[in-house]
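Novice: Any chance you could fold what I've pasted below:
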Amino acid sequence: MTKRIIIILCLPFLLWGCGGNSGTQESPNDSSAVNKGTSTMPDSSIEKANTISIAISSDKGADLIVKNDCRNCHREREKLIGPGFTDIAKRYGASDIDTLAAKIIKGGSGHWGDASMSPHPSLPLSDAKTIVKFILQYK
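Specialist: Here you go, the predicted structure:
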């Protein structure tokens, strides 16, 4: 019985706290931003980022990256433990697909500093090549 009383007494405060104060804040979709001369368009002087994203890609290479442990050490645009995909794509080209696929399967170190890449011996060569082709799209 006391639990019900406590819940009934606290419920209005929870609703009031979660309700917010919509009268004083501008909504991001508020059309008054257009009237004030502000623009939601990005600055044209900023270089456009590469639009490839593993999270939303339906590419088989992206799917293989997610299913394997690639994301434990690599990110799309930044160095984590290993180099980012953009850095790999800048350094290597289409002629290096076989070499990079072999590197994924065998592992190794020394090409990107002290970090070593763990081997993936159970990954088929065709899947490793698919991963490399996807990564090389980040140029």
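
Novice: which residues touch Thr130?
Specialist: Neighbour list for Thr130: 60-61, 64 [criterion: Cβ atoms under 8 Å, 6 or more residues apart in numbering]. (Glycine included, C-beta is placed from N, CA and C.)

Novice: in which helix or strand would I find it?
Specialist: Per DSSP states H and E: Thr130 is located in helix 125-135.

Novice: State the mean pLDDT of that helix.
Specialist: For helix 125-135, mean pLDDT is 96.

Novice: List the contacts of the closest residue to Pro119 other than its chain neighbours.
Specialist: Distances taken as Cβ to Cβ, 6 or more residues apart in numbering put Gly107 closest to Pro119, at 3.3 Å, once the chain neighbours are dropped. Gly107 sits next to 116-120 when contact means Cβ under 8 Å, 6+ apart.

Novice: which among those end up buried?
Specialist: 117, 120 (16 or more other Cβ atoms under 10 Å).

Novice: Can you add secondary structure and distance to Ala101 and give the contacts of Gly107 back as TSV?
Specialist: Output for those, formatted as TSV (DSSP: H, G, I helix; E, B strand; the rest coil; distance: Cβ to Cβ, whole Å):
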residue	secondary structure	distance to Ala101
Ser116	strand	18
Met117	strand	12
Ser118	coil	15
Pro119	coil	13
His120	coil	10
